[in-house]
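> Sequence first, then the predicted structure:
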Amino acid sequence: MKKISNYLYIGLLGFFIFNFFFKNQAEADAKKSYENYKAGKAIFIDVREEAEVKDGMIKGALWIPLSKLEADPIKETKRIKQLTAEKEIFIYCRSGSRSGRAQSLLKEAGVSSVNMGGYSGLVNESLPIQTGP
C-alpha cells in the first residue's frame, strides 16, 4: 500500500510540474500572429488588470481585463464578437493562466481564440508595444 501511495505522489508531482512549465505556453507563433493582426485578419486582447497594462501592452491590442470578462461574460463576449468580427483572436496576460481562463469563457460562448501566453514572452519576440490605457 505504501508503494502505491508513493507512486501516486510522484505521479501528481509530475503532473503539476508539467502543467506549470508547459500548459501556459503560447499556442501560436507571436510574429506570424502579429503579421495577421497588421493585415487586418486578427486582434490581440490583453486580459491583464489596469496596474499591469500601465507598463505597456501590445500595440493595437484591445484591453479587456479578465475580472470584467468574468463579472459579465455574456455582455463582454458579445462586445468581443462585435469588435473582432471574423478575425482570429489572440489572448494574452502576464503568464498565460488568465488568458487560458479567458479562452475558456469565450469557448463556452462559442468564440474561438488562441492563448498567446504571457506579455513578456511577446515582448521578447519583439512585438511592438504601446503605453497602456
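Yes, it's here.
> Can you give me the buried ones in the helix or strand Ser104 falls within?
Element membership for Ser104, per DSSP states H and E: helix 97-108. By 16 or more other Cβ atoms under 10 Å, the buried positions in helix 97-108 come out as 98-103, 105-106. Placement of C-beta: from N, CA and C, glycine included.
> Show the secondary-structure elements that whichever strand or helix holds Lys32 is packed against.
Here Lys32 sits within helix 30-38, counting by DSSP H and E. Using 3 or more Cβ pairs under 8 Å, 6 or more residues apart in numbering; DSSP states H and E as the contact definition, the elements that helix 30-38 packs against are strand 42-46, strand 88-93, strand 114-118.
> out of these, which comes closest to Asn36?
Across the helices and strands packed on helix 30-38, Asn36 has its closest neighbour in strand 42-46 (3.9 Å, Cβ to Cβ).
> Show the subsequent helix or strand relative to the closest one.
Next element after strand 42-46 (DSSP H and E): helix 50-53.
> Keeping just the C-alphas, turn that following helix into PDB.
Only the C-alpha atoms of helix 50-53 are listed here, as PDB (Å, rounded to 0.1, in the frame of the first residue of the first chain):
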ATOM      1  CA  GLU A  50      -5.100  48.000 -15.100                       C
ATOM      2  CA  ALA A  51      -2.000  48.200 -12.900                       C
ATOM      3  CA  GLU A  52      -0.300  45.700 -15.200                       C
ATOM      4  CA  VAL A  53      -1.100  47.400 -18.500                       C
END
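> Show me the contact partners of it.
Residues from elsewhere that reach helix 50-53, judged by Cβ atoms under 8 Å, 6 or more residues apart in numbering: 46, 63, 65, 94, 119, 132-133.
> just to revisit the earlier point, relative to Ile80, which of the buried residues of helix 97-108 is nearest.
Ranked by distance to Ile80 (Cβ to Cβ), these are led by Leu106 at 6.9 Å.
> Now Ile91: closest residue in space that isn't a chain neighbour?
Counting by Cβ to Cβ, 6 or more residues apart in numbering, Ser99 is the residue found nearest to Ile91 once chain neighbours are left out, at 4.2 Å.
> same thing with Met116?
Tyr92 (4.2 Å).
> Kindly report the same for Ile129.
The nearest residue in space to Ile129 (Cβ to Cβ, 6+ apart) is Gly56, at 4.4 Å.
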